[in-house]
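K.L.:
no sequence on hand, only this structure:
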């Protein structure tokens, strides 16, 4: 028995396998036909797809000295409908319609504004199948100036201001009154464009107290005070007289500023008889 190295054994096996390969052969065989479809002619709304049958020589593939498949790899042509769902339709505006009548002016005088409108619809065409709405507004507004005539301005009074000096005091003494005239004008604002005039008077009087020199004050008597004690009798017998007095003062009020003194006496006397017994040695008549 020969002994070979591992390398020598491996090389002989490789030569033997290659020899077996050269003796194999596999004829090619067609696969079943299947259609290969092209892209649809449209993405929506119904299009056409064209297709053609295809097969491949891979059932099995030819191998070694095997024969290739006979015939064509292409078969019949065909077509079919595709993407039949409706296409989105974006909305589009119609033409604007006629203007409306002019609206009421925003003011009755002094420059206002009035408006009119015209409309359009999103129906040329209407949005369909998920299409986009029209962009922008469906109303167009036109404006113009109106009622340019000035508005009436009603008159308004100014503040009162003095018109002339204060008058003399109404009395020459004690408390009196001084007067002066105040004046105002219908000028804040003045009436314009048929506005109403100011209501009320344009003048009024203003008063203030004044004091002249001190007035003469005449004196006035106070109430009498209490009587004094009776004096001694003027005689020890034979009808004597006793007197007593009481006083008052000129202080109710005191004369002032040249006023007159009190008239009359400040002392009042009262008398009575006393010791009316007979005197001895005398004849009482």
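P.N.:
That came in fine, so what should we check first? Remember, it's a predicted structure, so these values are computed and weren't measured experimentally. Residues are numbered from 1 along each chain as shown.

K.L.:
any idea which helix or strand comes after the helix or strand bottoming out on mean pLDDT in the chain?
P.N.:
Comparing every helix and strand of the chain by mean pLDDT, DSSP states H and E singles out helix 6-23 as the least confident one, with a mean of 44. Of the helices and strands lying after helix 6-23 in sequence (DSSP states H and E), the nearest is strand 25-26.

K.L.:
tell me the gap between the helix or strand following that following strand and the middle of its chain.
P.N.:
Beyond strand 25-26 in the direction of the C-terminus, DSSP H and E gives the next helix or strand as strand 34-37. Centroid displacement of strand 34-37 relative to its chain, using C-alpha atoms, centre = their mean, to the nearest Å, is 75 Å.

K.L.:
so which elements touch strand 34-37?
P.N.:
In terms of contact count using 3 or more C-beta pairs under 8 Å, 6 or more residues apart in numbering; DSSP states H and E, strand 34-37 is assigned the packing partners strand 47-54. Just so you know, the C-beta spots here come from the backbone N, C-alpha and C atoms, and that holds for glycine as well.

K.L.:
domain parsing for the chain?
P.N.:
Residue ranges for each domain of the chain read 28-87, 89-151, 161-211, 216-280, as given by automatic domain parsing.

K.L.:
grab the nearest non-local neighbour of the spatially most central residue of the chain.
P.N.:
Within the chain, the residue whose C-alpha comes closest to the C-alpha centroid is residue 106; the distance, by C-alpha atoms, centre = their mean, is 21.3 Å. Taking C-beta to C-beta, 6 or more residues apart in numbering as the measure, residue 106 lies nearest to residue 112, with 4.0 Å between them; neighbours along the chain are not counted.

K.L.:
and that neighbour, what are its bridge partners?
P.N.:
Here residue 112 sits in beta bridges with residue 146, as judged by DSSP bridges.

K.L.:
so how far is residue 46 from it?
P.N.:
Plainly put, residue 112 is 59 Å away from residue 46 if you go by C-beta to C-beta, to the nearest Å.

K.L.:
and residue 157, by the same measure?
P.N.:
Plainly put, residue 157 is 87 Å away from residue 46 if you go by C-beta to C-beta.

K.L.:
next, count neighbours for residue 152.
P.N.:
Residue crowding around residue 152 was assessed by other C-beta atoms under 10 Å; the count is 13.

K.L.:
no no, residue 190
P.N.:
The tally of other residues near residue 190 (other C-beta under 10 Å) stands at 15.

K.L.:
quick check, pLDDT for it.
P.N.:
Here, the pLDDT recorded for residue 190 equals 96.

K.L.:
try residue 283
P.N.:
Reading off the per-residue confidence, residue 283 sits at a pLDDT of 47.

K.L.:
over to residue 257?
P.N.:
Looking at residue 257, its pLDDT is 82.

K.L.:
mind listing what residue 169 touches?
P.N.:
Remark: with contacts taken as C-beta atoms under 8 Å, 6 or more residues apart in numbering, residue 169 is in contact with 176, 177, 178, 210, 211, 212.

K.L.:
can you flag which of those residues belong to helices?
P.N.:
Using DSSP state H, the subset of the contacts of residue 169 located in helices is empty.

K.L.:
dump those into JSON lines; add distance to residue 86 as well.
P.N.:
Converted to JSON lines, these look like this (distance: C-beta to C-beta, whole Å):
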{"residue": "176", "distance to residue 86": "107"}
{"residue": "177", "distance to residue 86": "102"}
{"residue": "178", "distance to residue 86": "102"}
{"residue": "210", "distance to residue 86": "105"}
{"residue": "211", "distance to residue 86": "108"}
{"residue": "212", "distance to residue 86": "112"}
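
K.L.:
restricted to buried residues, select these in ChimeraX.
P.N.:
Only the buried entries of the contacts of residue 169 go into this ChimeraX selection, using 16 or more other C-beta atoms under 10 Å:
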select :210
